[in-house]
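J.: Quick one: sequence and predicted model below, then my questions.
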Amino acid sequence: MKKAMAWMLAAIMLLTCAAAAADTFIQGIDPEYPPFSYLGDNGEYTGFDVEIAKAACEVAGLEYDVFAVDWDNKLIQLDNHECDVIWSGMTILDSMKAAGYVISAPYYDNTQVLVVKKDSGITSSADLAGKVVAVQLGTSGEALLNGDLSALKDTFQELVTSQSFLMAFTELEGNAVDAVFVDLPVAAAYVADKDGLVILDEQLGAEQYGLAFRSGDEELCAKIENAVQTLVENGTYAEIAAKYPDIVNNLIFLNAK
Amino acid sequence: MTLGTMVIKMGEGFGKTCAIFFLTLLFSLPLGMLVALLRMSKNRFLSAVTRGIISVLRGTPLMLQLLAVTYGPYYLFGISVSRNKLIPVVVAFAINYAAYFAEIYRGGIESMPVGQYEAAEVLGYTKAQTFLRIILPQVMKRIIPSVTNEVVTLVKDTSMAFTVSYQEMFTIGKQIANSQTSFVPFLVAGLFYYVFNLLVDFTMGSFEKRMGYYR
């Protein structure tokens, strides 16, 4: 009898825990996407998106948690409740809206750039005819090259898709590819501590970053958007943004002011 | 994108998957035998070194080995990363699978009763003759189920070549899944692998039947 009671108590405790967990807001991030989301020096996930999400949760009264998604399968993981939002420098695609995901208002104007070796003699996208170009799988760069910029892609000898941008840059440094097509802030952060690499002064493609929620989560989306707006108004947003100088110029909420 | 286009696109990548598969088998099956013989060598030093190498190859993820073979030469010696990714991919796969095959061969060879060696010696066979004419044919027969196991695993492991940006079938499947926000390419990929493995199973099965000697 006592045993049965103990089991029941345990079950009740588990249930209450589960109920409490329902108020947890789990941010799905790409852990390899600085400066938006990455593994910090202290071994904890950090980055602009992570810091804003944490602050927004505080404002909205939600328990914060973070989950590193597999970027190629992020929407499947979102559907499976492994996280409640994809919030990690994610480009808003029309196909996401068509598939029913709730997409927040954009917060970042993203531009794509080409990174090449300094001594390569490549100065514009026109010089890439017959060259090999790398892009990270699942990024907006890949989507662009297969969409709006497919004419540019057709001039390449080959388009190589890499698992992460780090692999793409390694291919570039190791001379396996001639250029890497990547988001400007990522390029800026990487090139900053590497000699011999240079960002071409040509901005390709204009896209915007936003948050993706499961279909039907309009309420949660509005709650988070409001919380972020509060952060913008009380200055926390600008404070956090100041730590990430590479992206600060393209943040929509700050430039609208 | 229609299902037809999807299958055609992934079919193109499947050629590259097959290239990894067949080239890996071509190199790792004989290499495994060499490693097995070194492992069983009477020379203590050779045997210990081979044992260490097998231990590392079996004890670390294939994905790491792929990265090491592909990018290691660049980071260590500044040698350019190969533009034809098939080369490092096959090298990494062949070395890794050779380690597994070596242990399968060794198990087969050591399962042969000592009496057969003694009998062969009495009949005047040389050591090489004993191994090639008496031991090896029986070993081949015994190890086929274990080898089939590894071969089937290899079919699925080919998808790991994506780690080093080799555009095989699964990579293309992921790309399509991404651009279409759809799960279907993964189903197609699963089907590709399964059908391929059915063929492997059938081939190895008929091979096993043909080995039905000494019965």
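T.: Structure's in. What do you need? Residues are numbered from 1 along each chain as shown, chains lettered A, B, ... in the order given.
J.: max-length strand in chain A?
T.: strand A:108-117 (DSSP state E).
J.: so what does that strand touch, helix or strand wise?
T.: helix A:140-145, helix A:165-173, strand A:179-183, helix A:184-192, strand A:197-199, strand A:204-209 (3 or more C-beta pairs under 8 Å, 6 or more residues apart in numbering or on different chains; DSSP states H and E). (Each C-beta comes from the backbone N, C-alpha and C, glycine too.)
J.: could you say what helices and strands the third one packs with?
T.: Same thing as strand A:179-183. strand A:108-117, strand A:132-136, helix A:140-145, helix A:165-173.
J.: before we move on, what about the shortest one?
T.: Contact here means 3+ C-beta pairs under 8 Å, 6+ apart; on that basis strand A:197-199 packs against strand A:108-117, helix A:165-173, helix A:184-192.
J.: Pick the most buried one from the ones you listed.
T.: Stretch with highest mean neighbour count among the helices and strands packed on strand A:197-199: helix A:165-173 (a mean of 23; mean count of other C-beta atoms under 10 Å in any protein chain shown).
J.: That helix and chain B, any residue contact?
T.: Yes: residues of helix A:165-173 contacting chain B under C-beta under 8 Å from any C-beta of the partner chain: A:167, A:168, A:170, A:171, A:173.
J.: Residue B:23 is in contact with residue B:94, correct?
T.: Yes: contact criterion C-beta atoms under 8 Å: residue B:94 and residue B:23 qualify, at 7.5 Å.
J.: Have a look at the two and say which one is more surrounded.
T.: For residue B:94 versus residue B:23, neighbours defined as other C-beta atoms under 10 Å in any protein chain shown are more numerous around residue B:94 (22 against 17).
J.: so what's that one up against?
T.: Counting by C-beta atoms under 8 Å, 6 or more residues apart in numbering or on different chains, residue B:94 makes contact with B:23, B:24, B:27, B:28, B:31.
J.: And the buried ones among those residues, selectable in ChimeraX?
T.: Per 16 or more other C-beta atoms under 10 Å in any protein chain shown, the buried members of the contacts of residue B:94 correspond to this ChimeraX selection:
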select /B:23,24,27,28,31
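J.: Kindly indicate which of the contacts of residue B:94 lies nearest residue A:107.
T.: When the contacts of residue B:94 are compared for distance to residue A:107 (C-beta to C-beta), residue B:24 comes out closest, at 46.6 Å.
J.: nearest spatial neighbour of the closest one, skipping sequence neighbours?
T.: residue B:93 (4.1 Å; C-beta to C-beta, 6 or more residues apart in numbering or on different chains).
J.: Could you measure from that neighbour over to residue B:84?
T.: 15 Å (C-beta to C-beta, to the nearest Å).
J.: ditto for residue A:170
T.: To residue B:84, residue A:170 is 16 Å away according to C-beta to C-beta.
J.: Also residue B:11?
T.: 21 Å.
J.: Compare neighbour counts for the two and give me the winner.
T.: Remark: of residue B:11 and residue B:84, residue B:11 carries more neighbours, 14 against 9, as counted by other C-beta under 10 Å.
J.: The more buried one in helix, strand or coil?
T.: helix (DSSP: H, G, I helix; E, B strand; the rest coil).
J.: give the contact list for it.
T.: Contacts of residue B:11 by C-beta under 8 Å, 6+ apart are residue B:169.
J.: Chain A contacts on chain B?
T.: Neighbours of chain A within chain B, by C-beta under 8 Å from any C-beta: B:71, B:74, B:80-83, B:85, B:162-165, B:167, B:171, B:174-175, B:177-181, B:183.
J.: Selection in ChimeraX covering whichever of those residues are buried, please.
T.: Remark: buried members of the residues of chain B next to chain A, expressed as a ChimeraX selection using 16+ other C-beta under 10 Å:
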select /B:71,74,81,82,83,85,162,163,164,165,167,171,174,175,177,178,179,181
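J.: Just after the helix-or-strand element of chain B with minimal mean pLDDT, pick out the following helix or strand.
T.: Lowest mean confidence among the helices and strands of chain B (mean pLDDT, DSSP states H and E): helix B:169-180, at a mean of 83. For helix B:169-180, the succeeding helix or strand toward the C-terminus, using DSSP states H and E, is helix B:184-210.
J.: buried ones in that next one?
T.: So, applying 16+ other C-beta under 10 Å, buried residues of helix B:184-210: B:185, B:186, B:188, B:189, B:192, B:193, B:196, B:197, B:200, B:204.
J.: hang on, the third one packs against residue B:13?
T.: It stands for residue B:188. No: counting by C-beta under 8 Å, residue B:188 does not reach residue B:13; the two are 10.8 Å apart.
J.: Identify the contacts common to the two.
T.: With C-beta under 8 Å, 6+ apart, residue B:188 and residue B:13 have common neighbours residue B:173.
J.: Touching stretch A:23-31 from outside, list them.
T.: Against stretch A:23-31 from outside (C-beta under 8 Å, 6+ apart): A:36-39, A:45, A:47, A:49-50, A:53, A:57, A:60, A:62-69, A:71, A:74, A:77-78, A:82-89, A:220, A:224.
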